[in-house]
Structure formats: C-alpha cells, structure tokens
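J.: pasting a predicted model and its sequence here:
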Amino acid sequence: MNIFGYGSLIFKPPPHTIRRTVGYIRGFTRRFAQSSIDHRGVPSRPGRVVTLVEAKDWHAFADAEDTPEGDIVWGVCWTIDPAHAKDVRAYLDHREINGYTPTYTDIWAPSTNTRSADEIVVKSCLVYVGLPSNPAFVGPSRSLQELAEYIFTCSGPSGRNDEYVLKLARATRNLSNQVRDSHLFELERILLQIREREGLPLLDEDVVDEEREQRIMEEVIARNKANGKPL
C-alpha cells in the first residue's frame, strides 16, 4: 500500500513504512480550508489544517486565490509494509475521520534523465482529500493575513495551530529545490511576522515555552475581541 502525505504525514510518517518517495500530484490544490477540532483546534475554536481540493472545485470559488505554480502539490509517498497494510489503513481512516475522503492518484517526479519530462513514479497512490461538501470544509479565507491571525490563536490536542503550519512549510521546502507553494510559504511568512510582533521566537522545538505561548495566544484573542475584530 502507498499513501501520499501532503500535510503532517510529510514530517510524521505513518507506522510500518518501508520506502519514502518524494514527488507531486497533479490536478489538486493544497489549502488551509479544513477545520480541525481534534488535532490543532477544539470544538469551541476549530483550527485550520491543510486539505487537498480538486483544482476544478477550488477555482470555482469566486474568492479563491490564484496558484502561480500551477495545480500541483508536493509531498511524500510512503510505502507500507504489506504485512501491516490492513492495520495502517485502519489507523489512517481513523486519523483522517474529521472530513477527509480517500481517493487514488498518480505520483509524479522529475525524471532522472535530464532530457526527459517528469514521469510517474508511483501509480494509484492512496490520498485523503477534502470534498467541499464535507462538514469540516470551510473554503477560502478572505485573506492570508486574516487566516494567519486566526491560526495564531488556535490550539488543540496535537499542539498549536501555527506550529503545524511552520513545521509543514519547513518540511515541504526541504523536499526538493523544485518545490513551489505560494499559499503555504506566504502563510508561513505572515505567521513568523505575527510571532515576532507578539514577542515569540522563531519556532524551535527545543526552546518552545508552551505556557507562555498559550498565555500570549489568549491575550491576542482577548485583544481582538475588545477591538471588535473577528475571533
């Protein structure tokens, strides 16, 4: 079994992997358009996590931003040990229960022959996508600045929402020097500005002060509420 990771599965692989293949898929868009009440948010304040949306569905939204790099999404295809494929599939189905639907697509990568076009490196790979019809789908945000400000104030059982974005951006950038993702990397840039504005250091897992970050997050929520800004 092969599973394509485009979110936290990039830096946190599923169990029993036996091979890692870097590549991209075509015809999809990666966006922070899925609410999260069980990982990076809570029911009273859902976080925002990435989902894959078919490009034709995403571009149908009037306020969806352009994708300068084209409708491709870079990630990692993990090959699962066949002896554990059934158990891993059950684990993934449970993990992605909040608004994701399994489908299959091919994985592409630059050809090892520099004169050749990109080629399919894995056929019919499992991937979990977010359909616009699912209850957790929230669609496009009015602006990346607004999305970043909201993400900064969310946290859940798996940790802070902005930590998730920054980890994902770093891991995605490190996949290949050909990776382009204007949405993800611009959101990362804005979140780093917000952290600097609020007196927080650049993300470093070794020095994170969780209590201080939680306190600052709550202060920002209270300040926004007092100023009549969207929560």
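T.: Received it, and whenever you're ready, just let me know what you need.
J.: give me the low-pLDDT residue ranges for this structure?
T.: Applying pLDDT under 70 to the chain flags residues 62, 97-98, 114-115, 202-231.
J.: helices along that one, start to end?
T.: Per DSSP state H, the chain carries helices over the ranges 55-58, 85-95, 144-152, 161-173, 182-197, 210-226.
J.: who's in contact with the shortest one?
T.: Taking contacts as CB atoms under 8 Å, 6 or more residues apart in numbering, the residues outside helix 55-58 that touch it are 27-29, 31, 64, 67, 71, 131-132, 140. Quick note: C-beta positions are derived from backbone N, CA and C, even for glycine.
J.: ok, now with 7 Å
T.: With contacts defined as CB atoms under 7 Å, 6 or more residues apart in numbering, helix 55-58 is touched by 27-29, 31, 64, 71, 132.
J.: can you say which of the residues you listed are buried?
T.: Listed as buried from the contacts of helix 55-58 are 28-29, 31, 64, 71; burial here means 16 or more other CB atoms under 10 Å.
J.: closest one of the residues you listed to Leu52?
T.: Phe28 (4.6 Å; CB to CB).
J.: tell me how many other residues surround the closest residue to that closest one other than its chain neighbours.
T.: Here the nearest residue to Phe28 in space, its sequence neighbours aside, is Leu52; by CB to CB, 6 or more residues apart in numbering that works out to 4.6 Å. Residue neighbour count, defined by other CB atoms under 10 Å, stands at 28 for Leu52.
J.: quick one on the thing from earlier: out of the helices of the chain, nearest to Val22?
T.: Short answer: helix 161-173, nearest of these by CB to CB, at 10.3 Å.
J.: so the closest one versus helix 144-152, what angle?
T.: Relative orientation of helix 161-173 with respect to helix 144-152: 120 degrees, computed using axes from the mean of the first three to the mean of the last three CA atoms, to 10 degrees.
J.: so which of the helices of the chain is the most surrounded?
T.: helix 161-173 (a mean of 21; mean count of other CB atoms under 10 Å).
J.: and it, what other elements does it pack with?
T.: Contact analysis of helix 161-173 by 3 or more CB pairs under 7 Å, 6 or more residues apart in numbering; DSSP states H and E lists strand 47-54, helix 144-152, helix 182-197 as its packing neighbours.
J.: so what's the residue nearest in space to the middle of the chain closest to, chain neighbours aside?
T.: Most central in the chain under CA atoms, centre = their mean is Val50, positioned 3.3 Å from the mean C-alpha point. Once flanking residues are discounted, Val50 sits nearest to Gly7: 4.5 Å by CB to CB, 6+ apart.
J.: ok, now which ones touch the one you found?
T.: Per CB under 7 Å, 6+ apart, neighbours of Gly7: 49-50, 168.
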